[in-house]
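**Q** Got a predicted structure plus its sequence, pasted below:
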Amino acid sequence: MRSKRDGAVYFALTLSDCTGQIECRMWEVAEAQAFESGDVVKARGQVSRYQDRLQLTLDRIRRANPEEYDLGDFVPRTSRDIEELWAELNGYVSTFTNPHLQSLLRTFLDDPQIGSALRSAPAAKSMHHAWIGGLLEHIVSLLGISDLAAHHYAEINRDLLLTGVVLHDIGKLYELRWGTSFDYTPEGQLIGPISIGISMGEKKLADLPDFPENLRVLVEHIILSHHGKYEFGSPKLPMIPEALLLHYLDDLDAKMQTMRSEFARAEGQGRAPGQLTEWVRALERPLLNTAGYLGEQPPTAEPAAEELEPEEEINALPAED
């Protein structure tokens with residue numbers, strides 16, 4: 001809120017969505033309804049050009065109702081169809097031959113609160129799969145490569161490994177909060193996702209009195225050890241084949257997604273297909289897309305957002321200063 005020379009109040013704000021942001025002014029605020037920074041709002045105005053930049057002059061603005069927008073329009077989201085991912089996840093569980101492990105996963109996936117959260121949760125605040133639906137996308141990707149690896153290594157118990165895939169990051173449903181931004185919950189900061197995941201598992205196992213004790217120990221060990229090293233926050237080192245394999249496949253899937261994201265970022269920055277990316281902090285090196293380097297056709301970039309027409313009504317997110 002700012003003041004004109006005559007003392008009257010006006011709004012200076014930034015509206016943003018996943019395509020970008022635009023500076024806005026609202027000179028007459030009598031028509032404005034209550035909203036705060038971080039809210040999704042319904043706004044109407046006219047686009048003009050000020051100092052060679054587009055600007056939106058608003059005549060109406062209000063906080064949007066939840067049914068009026070898709071959160072994925074304002075924060076990054078998976079490019080995959082959520083219901084397809086959900087069907088793939090349930091498809092893997094339906095192939096289990098161990099009824100106890102299948103029943104355990106069903107107590108999670110059939111829980112309305114957990115099922116709803118798992119359809120939208122990011123896998124991280126800012127690292128790999130840090131977008132709406134990212135955790136589900138990561139789990140399904142990991143199920144695919146874990147299923148292949150289980151057939152390759154005879155000593156692997158496939159159902160146990162895939163159970164670990166589904167549950168290894170389940171604590172992130174309560175570690176993270178997501179909406180118009182991603183952040184950590186107090187529980188996530190003070191307890192951590194591994195401990196939260198163990199607690200969730202214990203509560204579900206309490207509803208399965210016939211669940212074998214030795215199987216419980218193995219499932220919990222996989223959750224506890226999947227970070228692989230003490231310095232990575234793992235309370236235990238992997239001590240069974242399924243835990244060791246999950247640790248490396250989990251790390252592999254995260255790193256491959258980081259590469260994919262960095263190649264897309266470099267393309268968006270206008271770098272040539274065969275050019276190295278900038279220094280990638282997560283991997284501590286620049287990266288090279290071999291497809292572009294070998295002259296193969298790069299993936300098609302996302303289409304640019306169209307400019308707004310005057311009087312067009314939009315949903316937008318006021319960004320913090």
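**A** Structure's in. What do you need?
**Q** by contact count, what packs against the helix or strand harbouring residue 43?
**A** Counting by DSSP states H and E, the element that carries residue 43 is strand 41-50. If contacts are counted by 3 or more CB pairs under 8 Å, 6 or more residues apart in numbering; DSSP states H and E, strand 41-50 sits against strand 20-26, strand 53-63, strand 313-318. Just so you know, the C-beta spots here come from the backbone N, C-alpha and C atoms, and that holds for glycine as well.
**Q** Could you dump the ones you listed into a markdown table with mean pLDDT added?
**A** Listed next are the helices and strands packed on strand 41-50 as a markdown table, based on pLDDT from 0 to 100:
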| stretch | mean pLDDT |
| --- | --- |
| strand 20-26 | 84 |
| strand 53-63 | 87 |
| strand 313-318 | 44 |
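**Q** Which stretch among those approaches residue 138 most closely?
**A** Each of those has some distance to residue 138 by CB to CB; the shortest is strand 313-318, at 25.1 Å.
**Q** hang on, the earlier thing: name every strand pairing with the strand holding residue 43 and say which way it goes.
**A** strand 53-63 (antiparallel), strand 313-318 (antiparallel) (DSSP bridges).
**Q** where exactly do the helices run in the protein?
**A** 82-94, 99-109, 112-120, 134-152, 158-167, 172-175, 186-190, 193-205, 213-225, 241-268, 290-293 (DSSP state H).
**Q** hey, which of those helices is tucked in deepest?
**A** The highest mean neighbour count among the helices of the chain, using mean count of other CB atoms under 10 Å, belongs to helix 158-167: a mean of 24.
**Q** End to end on stretch 151-158, go ahead and measure it.
**A** One end of stretch 151-158 to the other measures 8 Å (CA to CA, to the nearest Å).
**Q** what does it rub up against?
**A** 147, 149-150, 241-242, 245 (CB atoms under 8 Å, 6 or more residues apart in numbering).
**Q** Please convert the helices of the chain to CSV, extending it with mean pLDDT and distance to residue 71.
**A** Formatted as CSV, the helices of the chain follow (pLDDT from 0 to 100; distance: least, CB to CB, whole Å):
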stretch, mean pLDDT, distance to residue 71
helix 82-94, 96, 12
helix 99-109, 97, 22
helix 112-120, 93, 7
helix 134-152, 96, 13
helix 158-167, 98, 24
helix 172-175, 92, 16
helix 186-190, 91, 20
helix 193-205, 95, 22
helix 213-225, 97, 28
helix 241-268, 92, 20
helix 290-293, 90, 32
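**Q** so can I have a markdown table of those showing distance to residue 282?
**A** Shown next, in a markdown table, are the helices of the chain (distance: least, CB to CB, whole Å):
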| stretch | distance to residue 282 |
| --- | --- |
| helix 82-94 | 24 |
| helix 99-109 | 29 |
| helix 112-120 | 23 |
| helix 134-152 | 15 |
| helix 158-167 | 22 |
| helix 172-175 | 17 |
| helix 186-190 | 20 |
| helix 193-205 | 18 |
| helix 213-225 | 22 |
| helix 241-268 | 5 |
| helix 290-293 | 19 |
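**Q** Mind checking these for the one nearest to residue 3?
**A** helix 186-190 (37.7 Å).
**Q** could you dump the helices and strands packed on strand 41-50 to CSV with mean neighbour count and distance to residue 38?
**A** Formatted as CSV, those follow (neighbours: other CB atoms under 10 Å; distance: least, CB to CB, whole Å):
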stretch, mean neighbour count, distance to residue 38
strand 20-26, 16, 14
strand 53-63, 16, 11
strand 313-318, 19, 7
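**Q** Nearest to residue 124, out of the ones you listed?
**A** So among the helices and strands packed on strand 41-50, strand 313-318 is nearest, using CB to CB, at 20.9 Å.
**Q** quick one on the thing from earlier: let me know which of the helices of the chain is the nearest to residue 45.
**A** The nearest among those, by CB to CB, is helix 241-268 at 27.4 Å.
**Q** quick revisit: can you check which of the helices of the chain gets nearest to residue 44?
**A** Closest among the helices of the chain, using CB to CB: helix 112-120, at 28.5 Å.
**Q** any idea how far the closest one is from the chain center?
**A** What separates the centre of helix 112-120 from the centre of its chain is 13 Å, taken as CA atoms, centre = their mean, to the nearest Å.
**Q** And the contacts of that helix?
**A** Contacts of helix 112-120 (CB under 8 Å, 6+ apart): 71, 82, 86, 108-109, 132-133, 135-136, 170, 173, 178.
**Q** Mind doing that once more with 6 Å?
**A** Applying CB atoms under 6 Å, 6 or more residues apart in numbering, the contact partners of helix 112-120 are 82, 108-109, 132, 136, 173.
**Q** which pair in these spans the largest distance?
**A** Longest span within these, CB to CB: 108 and 132, 19.8 Å.
**Q** Against residue 99, how distant is the closest residue to residue 172 other than its chain neighbours?
**A** Nearest residue to residue 172, sequence neighbours excluded (CB to CB, 6 or more residues apart in numbering): residue 193, at 4.9 Å. Taking CB to CB, to the nearest Å as the measure, residue 193 falls 28 Å from residue 99.
**Q** No further queries at this time; thank you.
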